[in-house]
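Colleague: Any chance you can model this:
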Amino acid sequence: MDGGARSGIWLPGLTLSALATLLRLAVAGRREGIEVDGITYLNNARALLGDVGAFTVLHPPLYSVIVAPFLWLSSDAEWAARVVSAVLGGLWVWPTLWLARGTTDARVAWLAGLLVAVSPSAVEASTHVLAESIAGLCLTTFFAVLVHALRTGSLGSAALAGVLGALTTLSRPEGMGYLALAWVVLASAPHLVAWRAPRHVLAGLAVLTLVWCSVLFPYMALVKRETGHWHWSGKLEQTLLFAESVGDERPGAAIERAITEPRRDVPRTLVGYVLARPREVVSRIAINLHLLDKYVAPALLQSGGITLLALGLVQLRFRRGSATVEWFLAVAPLPLLGLVLFVVDARYGAPLIPVLSIIAAIGLRRLGQPDDQSSRLSVRSKILLIVVLLSFLPWIARPWFRQDPAAVEKEAGLWLRSAAGPGAVFIGRYPVLGFYAEGRGLPFPRAALDDLLKEGRARGARFLIADSVRLPESRPDLLGLVAGDRVRADLELAHVEEDRAGRRVVIYRIRGSDAPQVRTP
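Modeller: This is a model prediction of the structure:
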């Protein structure tokens, strides 16, 4: 590669990656409360630094492993994790550039990098204490290396693709679906890429699979030790239970039941589950396909992104035996469709933003510009790009104008931490509140309030907490607690927290509990 070619990727790479990182740090600074899964990721990171026995396999480990060393640098573990996420998200630009250069002869690398840098979904995914930031980096790099293995037959590239595929799985369980994609793509190579010999295919498949499984094996062994069965996901059973909320008229209540009333009749494998409940699975797939159209696609791509993606899909060129493999961009997202068996959510699709951005960039490049090698976009493409980028601004700017939904629980938790000290036990399943209070919540089972209070006192609970978001679905019979009035003699109103949107958290002190009086902060 000559100096001009190197500067052609390094200069836009450095510029766009820095821009992306700074934008994500700015947005991260506006986040006002940790995500529920983020609590587990942080607890696992802390466990790696001290009590390894406290590490749980419920969530995939890679994000926690990466975050752990940086917890030494800040007393605020949440902010340290958000910075790590922002940097990882900013690095998405690099594999996007490599993948663009490996799949198409259209000059779209810098354009795809720009879309990745400012895509609202990519920005949001890189500002949470969640694993999507590392998943997107590993997955896009995996795609780039897999394409190189496909085009060259390099066993080294196949081995590296195995490493990256396994790391993707260790960041998000659905990453395992991309092993099937790699098998299909490489097995089809002799029919799609003229210079690949069948013996290279078999060797590449063997190397990729062996390396993938070897990297994944230690975590699978931990899952076996903790759950009793071999799997690449430590939360398959819980995920299947949560999936039963799809289509429920009160999905929040269904999830609460899955947490507070564990069931023993859930098959331990996905195949077993499908065979045991075929009608439920078919119904769930149909509902999830509707939800993809109604909620997920607009939240993931926004109207501007959907327009660019549609434009790019019709501009892709499928040429058998060609040096370009644009068809790969169309098939790369397919394994993620497996989520229709579970719960679909826009954030699960965020790691695919780099691939979708390349497709969108191809559509922009070829709009009114038949010569792919032209160094300029057509006038129509420039106008469309400007309109789409402007449409992204309100989405990116939302944290400056709308309060984070988790903020009310954070403030309530901080109040409880100040008033009662760390270690407070309360009735109510509020993980975010408990995180900031450094306390422990006892979930609301389906029992009368008198029984709840009796059991809570026996387990050391000093407080009962009610809110206006979860309670209406999970325990509508207890909605009177949200009013914050004097509801009964054995409950004393201690604190009310309410945000600008009217979300409310009410904290009661349980009279008669064996605990010292609450301090006034």
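
Colleague: Helix, strand or coil: sort out residue 376 for me.
Modeller: coil (DSSP: H, G, I helix; E, B strand; the rest coil).

Colleague: show me the contacts for it.
Modeller: residue 369 (CB atoms under 8 Å, 6 or more residues apart in numbering). Bear in mind the C-beta positions are built from the backbone N, C-alpha and C, glycine included.

Colleague: ok, now how distant is residue 493 from residue 423?
Modeller: According to CB to CB, to the nearest Å, residue 493 and residue 423 sit 22 Å apart.

Colleague: contacting residues around whichever strand or helix holds residue 392?
Modeller: Assignment of secondary structure by DSSP states H and E places residue 392 within helix 379-401. The contact list for helix 379-401, computed with CB under 8 Å, 6+ apart, reads 23, 27, 30-31, 111, 118-120, 123, 302-305, 307-308, 311, 364-365, 367-369, 377.

Colleague: now do stretch 227-244
Modeller: Here stretch 227-244 makes contact (CB under 8 Å, 6+ apart) with 56-60, 169, 173, 176, 216, 219-220, 222-224, 226, 254-255, 258, 263, 266-270, 273, 280, 284, 341-343.

Colleague: and the gap between residue 26 and residue 260?
Modeller: For residue 26, the distance to residue 260 - CB to CB - is 39 Å.

Colleague: now the stretch 151-300 of the chain, which segments are flagged as low pLDDT?
Modeller: The model of the stretch 151-300 of the chain has pLDDT under 70 over residues 194-199, 262-264.

Colleague: For it, which segments count as helices?
Modeller: 155-169, 177-187, 189-192, 198-227, 236-243, 251-260, 270-276, 278-291, 297-315 (DSSP state H, counting those that start in this stretch).

Colleague: Mean neighbour count and distance to residue 137 added to those helices, as CSV?
Modeller: What follows is the helices of the stretch 151-300 of the chain, written out as CSV (neighbours: other CB atoms under 10 Å; distance: least, CB to CB, whole Å):
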stretch, mean neighbour count, distance to residue 137
helix 155-169, 24, 9
helix 177-187, 19, 14
helix 189-192, 16, 26
helix 198-227, 16, 16
helix 236-243, 19, 23
helix 251-260, 18, 30
helix 270-276, 13, 27
helix 278-291, 14, 27
helix 297-315, 18, 18
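
Colleague: And those helices: which comes nearest residue 440?
Modeller: Among the helices of the stretch 151-300 of the chain, helix 251-260 comes nearest to residue 440, with 14.6 Å by CB to CB.

Colleague: got the angle between that closest one and helix 236-243?
Modeller: On the basis of axes from the mean of the first three to the mean of the last three CA atoms, to 10 degrees, helix 251-260 is oriented at 150 degrees to helix 236-243.

Colleague: which strands and helices sit next to helix 251-260?
Modeller: Applying 3 or more CB pairs under 8 Å, 6 or more residues apart in numbering; DSSP states H and E, we find helix 251-260 packed against helix 236-243, helix 471-474.

Colleague: what sits against residue 466?
Modeller: 428, 478, 481-482, 505-506, 508.

Colleague: 7 Å instead, please
Modeller: Taking CB atoms under 7 Å, 6 or more residues apart in numbering, we find residue 466 in contact with 428, 478, 481-482, 506.

Colleague: That one belongs to a helix, doesn't it?
Modeller: No - using three-state DSSP, the assignment for residue 466 is strand, not a helix.

Colleague: Can you tell me the closest non-neighbouring residue to it?
Modeller: residue 481 (3.7 Å; CB to CB, 6 or more residues apart in numbering).

Colleague: repeat for residue 292
Modeller: In space, residue 292 comes closest to residue 344 once its chain neighbours are excluded; the distance is 5.7 Å by CB to CB, 6+ apart.

Colleague: Distance of the one you found relative to residue 388?
Modeller: Counting by CB to CB, the gap from residue 344 to residue 388 is 24 Å.

Colleague: and if you look at residue 473?
Modeller: Counting by CB to CB, the gap from residue 473 to residue 388 is 36 Å.

Colleague: The two - which one has more neighbours?
Modeller: Using other CB atoms under 10 Å as the criterion, residue 473 and residue 388 rank with residue 388 on top: 21 against 16.

Colleague: Need the contacts of residue 466 in JSON lines (columns: secondary structure, distance to residue 460 and pLDDT).
Modeller: Below are the contacts of residue 466 laid out as JSON lines (DSSP: H, G, I helix; E, B strand; the rest coil; distance: CB to CB, whole Å; pLDDT from 0 to 100):
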{"residue": "428", "secondary structure": "coil", "distance to residue 460": "14", "pLDDT": "92"}
{"residue": "478", "secondary structure": "helix", "distance to residue 460": "21", "pLDDT": "89"}
{"residue": "481", "secondary structure": "helix", "distance to residue 460": "20", "pLDDT": "92"}
{"residue": "482", "secondary structure": "helix", "distance to residue 460": "24", "pLDDT": "93"}
{"residue": "506", "secondary structure": "strand", "distance to residue 460": "21", "pLDDT": "96"}
